[in-house]
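Novice: Got a predicted structure here, sequence first:
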Amino acid sequence: MAGWWFCVSWEMREVSLTQAFAKDSAAIEKTVQTTVQEVTGLPKPLQDYDLLDQIGSAGPGLSRKLYSAKSRDGHAVYLNVCVWLLDKKPLSEARQRAGLSNAAEDAFLDVLRADASRLVRLRHPGVVHVVHALDESKNAIAMVTKPLFASAANALGNLENVEKVPKELKGMEMRLLEVKHGLLQIAETLDFLHNNAHLIHRSVAPESK
């Protein structure tokens, strides 16, 4: 009987040690990730994916650059993705030129964070599918989605914040049928957001499509 109890006690001790090691390992991993971000100034998506070409810009004021990117993990579910990148330095410089306060910049970033958080929970063909949730460092904010072509604003000729315009966007013209199909998709997506997700989209504009 004593021997049996000793075995049980030893097994419980092993389980307890395993749990402790797992907990410590998770804490160490989180600390390492935080340290890497602080040292490199890069959010995690920029550590996990190699940026290829800038394909466009999107978001309020077309402030976020869109990049085609490839996962560094050969076994990732999505090898090819789109990285949404917001560099905080140009944003801060633009805010200063406009004579706005730090509070205005913080409020703008809070809106981006809240929108990105909602996107993760939404599932609809008209809503971009998030592969890696928004992550933030001191210098940048990044999010990863399935591959995209560009924003609707880019397709309509607004190429602000696009350093090297892709040849696919140069002189691009949308035919009437494409415009009608696009408007139908937008209407269907808004219907989903309002009636199913119970959200109100307050920024229906080409740069957010």
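Specialist: Great, that's in hand.
Novice: drop to CA atoms for contacts and neighbour counts, all remaining ones
Specialist: Noted.
Novice: Give me the three-state assignment for the residue nearest the centre of the chain.
Specialist: Among the residues of the chain, the one closest to the centroid is residue 143, at 1.7 Å (CA atoms, centre = their mean). Following DSSP: H, G, I helix; E, B strand; the rest coil, the label given to residue 143 is strand.
Novice: out of everything not next to it in sequence, what's closest to it?
Specialist: In space, and not counting its chain neighbours, residue 143 is closest to residue 134: 4.3 Å by CA to CA, 6 or more residues apart in numbering.
Novice: Which residues does the host helix or strand of the one you found contact?
Specialist: For residue 134, the host element (DSSP states H and E) is strand 130-136. Residues from elsewhere that reach strand 130-136 (CA atoms under 8 Å, 6 or more residues apart in numbering): 42-45, 78, 81, 113, 116-117, 119-120, 141-146.
Novice: Just the ones of the residues you listed in helices?
Specialist: 44, 45, 113, 116, 117, 119, 120 (DSSP state H).
Novice: Among the residues you listed, which one has the most neighbours?
Specialist: The most crowded member of these, judged by other CA atoms under 10 Å, is residue 45 (24 neighbours).
Novice: which helices and strands sit right next to the lengthiest strand in the chain?
Specialist: When the chain is parsed with DSSP state E, its longest strand is strand 49-58. Packing partners of strand 49-58 (3 or more CA pairs under 8 Å, 6 or more residues apart in numbering; DSSP states H and E): strand 64-71, helix 152-155.
Novice: contact partners of the shortest one?
Specialist: It stands for helix 152-155. 56, 57, 58, 159, 169, 172, 173, 174, 206, 207, 208, 209.
Novice: got the phi/psi numbers for residue 181?
Specialist: Backbone torsions of residue 181, given as degrees, to the nearest 10, read phi -60, psi -40.
Novice: What of residue 97?
Specialist: Main-chain torsions, residue 97, degrees, to the nearest 10: phi -60, psi -30.
Novice: Renumber starting at 184 from here on
Specialist: With 184 as the first residue, the last one maps to residue 280.
Novice: Do me a favour and average the pLDDT over stretch 238-254.
Specialist: Stretch 238-254 carries an average pLDDT of 94.
Novice: mind listing what residue 322 touches?
Specialist: Residue 322 sits next to 224, 225, 270, 271, 272 when contact means CA under 8 Å, 6+ apart.
Novice: just residue 225 next, same as before
Specialist: By CA under 8 Å, 6+ apart, residue 225 lies in contact with 219, 319, 320, 321, 322, 323.
Novice: For the strand holding residue 317, which strands pair with it and how are they oriented?
Specialist: strand 323-328 (antiparallel) (DSSP bridges).
Novice: Would you mind listing the outside residues contacting the strand it pairs with?
Specialist: 224-229, 264-271, 299, 311-319.
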